[in-house]
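[1] after the sequence you'll find the predicted model.
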Amino acid sequence: ETGVTQTPRHLVMGMTNKKSLKCEQHLGHNAMYWYKQSAKKPLELMFVYSLEERVENNSVPSRFSPECPNSSHLFLHLHTLQPEDSALYLCASSPSRTGSPNEQFFGPGTRLTVL
Amino acid sequence: AQKVTQAQTEISVVEKEDVTLDCVYETRDTTYYLFWYKQPPSGELVFLIRRNSFDEQNEISGRYSWNFQKSTSSFNFTITASQVVDSAVYFCALSEARNYGQNFVFGPGTRLSVLP
């Protein structure tokens, strides 16, 4: 596979469930990102990882917990979510977080619905 | 604080028409980068262009062209002879060089519909 992949593509969960979103990049990049895209709101940066170290969380609620075990994989662990957390969650990667900003390569997203 | 405004929420054009998508940005930094991304119905954002604040040359790539005007803080995107496959949501984004990765800010997007 090439590029950035995300699984699952669709997820429906109850407010008491625990689930995880997975992102994998095959581009040899060093930085990975989680974004939230809600209807009628701009894309929101949630987390940034550079060389597997989290560098920014942008005040995201603790019910979202990221994990980056290596530079190719990124997870978003979800627990006790609220209906307003329903959104498209996009993963992205870039060559580096430092230096001049490089373009980010995005995955297709996970469409999350919280009932 | 940085901000990106895309005043056009939705645009509809007929195939072969030219269309311009507006982007206005705010930043206090002198060094920054601007981007355009396309989000087709499949969902993933596709990178189109990156421009740094010191390069005001307009750029053309096939049917796409970009007009960067620092004086008006605008970075507009024009599609010439639009095609149905151009239908998508287009996002303009801004990143200040000093805090790259921590403040990659997207505009709200413009939904473009190209009708046959």
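    Here it is on my side, so go on.

[2] can you tell me the closest non-neighbouring residue to A:Gln6?
    A:Gly107 (3.9 Å; CB to CB, 6 or more residues apart in numbering or on different chains). C-beta: built from backbone N, CA, C; applies to glycine.

[3] how near is the one you found to A:Trp34?
    Noted for A:Gly107: a distance of 10 Å to A:Trp34, by CB to CB, to the nearest Å.

[4] pretty sure B:Leu34 is touching B:Arg51, no?
    Yes: assessed by CB atoms under 8 Å, B:Leu34 is found in contact with B:Arg51 at 4.9 Å.

[5] what is in contact with those two at once?
    B:Phe68, B:Phe75 (CB atoms under 8 Å, 6 or more residues apart in numbering or on different chains).

[6] which of these two has more neighbours?
    Set B:Leu34 next to B:Arg51 and count neighbours by other CB atoms under 10 Å in any protein chain shown: B:Leu34 wins out with 24 against 18.

[7] quick one: classify that one as helix, strand or coil.
    Secondary structure state of B:Leu34, per DSSP: H, G, I helix; E, B strand; the rest coil, is strand.

[8] look at it and report its pLDDT.
    As predicted, B:Leu34 sits at a pLDDT of 93.

[9] check A:Arg97 too.
    Confidence for A:Arg97, expressed as pLDDT, is 56.

[10] same check, this time on A:Arg54
    Predicted confidence (pLDDT) at A:Arg54: the value is 79.

[11] give me every residue that touches it.
    A:Phe47, A:Val48, A:Pro66, A:Cys68 are the contacts of A:Arg54 under CB under 8 Å, 6+ apart.
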